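Novice: Sequence plus predicted model, see below.
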Amino acid sequence: MCVKLINSLPKKTDKELESLKVNSKKKENFKVLEAVKNEISRRHPILANNCRGFDHVKEYGENAVMDCIPDQLGKISITEVRDIVCFKYVDNLIQIDTYENCRPRDVTIADSDDEFAKHAGKPGICFFGNLVNSETVTKEHAATL
């Protein structure tokens with residue numbers, strides 16, 4: 001039964017996949033859950049963002065995750081982005097925050113003190129999402145994640 005369901009995932013809509021994700025969590029069917037997550041990730045790329053100490057929430061408001069100019073996304077369509085992983089250095093460790101259900105909003109790029117200051121004042125996009133996991137790990141562990 002699971003094999004047939006897993007093989008049908010590419011034909012499912014995003015809404016059907018989200019429903020399967022919820023149901024497989026409830027039923028603790030981890031094989032189906034992992035397959036659903038993989039299919040969602042295949043369809044919707046996961047962005048990684050090194051925050052470099054920039055406080056997106058302070059600048060853009062609650063649930064702000066990441067800002068960028070559209071060119072930084074390359075060939076990725078803004079509407080395909082669902083999940084974002086942000087990392088920042090905390091002493092000799094790395095804090096990794098995972099966000100789901102991210103949605104874009106047009107913004108004016110904020111001023112910063114780093115290499116991205118050249119984009120300040122330009123039209124951009126800020127993604128807002130729901131924090132689902134946060135962990136602080138060593139650099140070695142972060143590399144395996």
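Specialist: Nice, I can see it.

Novice: ok, which stretches of this structure are helices?
Specialist: Ranges of helices within the chain are 2-8, 14-26, 30-43, 56-60, 139-144, based on DSSP state H.

Novice: got the contact list for the third one?
Specialist: Contacting residues not belonging to helix 30-43 are listed as 2, 5-6, 9-10, 12, 14, 17-18, 20-21, 24-25, 80, 82-83 [CB atoms under 8 Å, 6 or more residues apart in numbering]. To be clear about C-beta, it is placed using only N, CA and C from the backbone, and glycine gets the same treatment.

Novice: which two in these are spaced the farthest apart?
Specialist: Cys2 and Glu80 (27.3 Å; CB to CB).

Novice: Just put the helices of the chain in JSON lines and tack on mean pLDDT, distance to Arg103 and mean neighbour count.
Specialist: Below are those laid out as JSON lines (pLDDT from 0 to 100; distance: least, CB to CB, whole Å; neighbours: other CB atoms under 10 Å):
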{"stretch": "helix 2-8", "mean pLDDT": "87", "distance to Arg103": "27", "mean neighbour count": "12"}
{"stretch": "helix 14-26", "mean pLDDT": "89", "distance to Arg103": "13", "mean neighbour count": "14"}
{"stretch": "helix 30-43", "mean pLDDT": "84", "distance to Arg103": "15", "mean neighbour count": "15"}
{"stretch": "helix 56-60", "mean pLDDT": "89", "distance to Arg103": "13", "mean neighbour count": "15"}
{"stretch": "helix 139-144", "mean pLDDT": "82", "distance to Arg103": "26", "mean neighbour count": "10"}
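
Novice: Cys126 is nearest to which of these?
Specialist: Nearest of the helices of the chain (CB to CB): helix 56-60, 4.7 Å.

Novice: For stretch 46-65, measure first residue to last.
Specialist: Using CA to CA, to the nearest Å, one end of stretch 46-65 lies 13 Å from the other.
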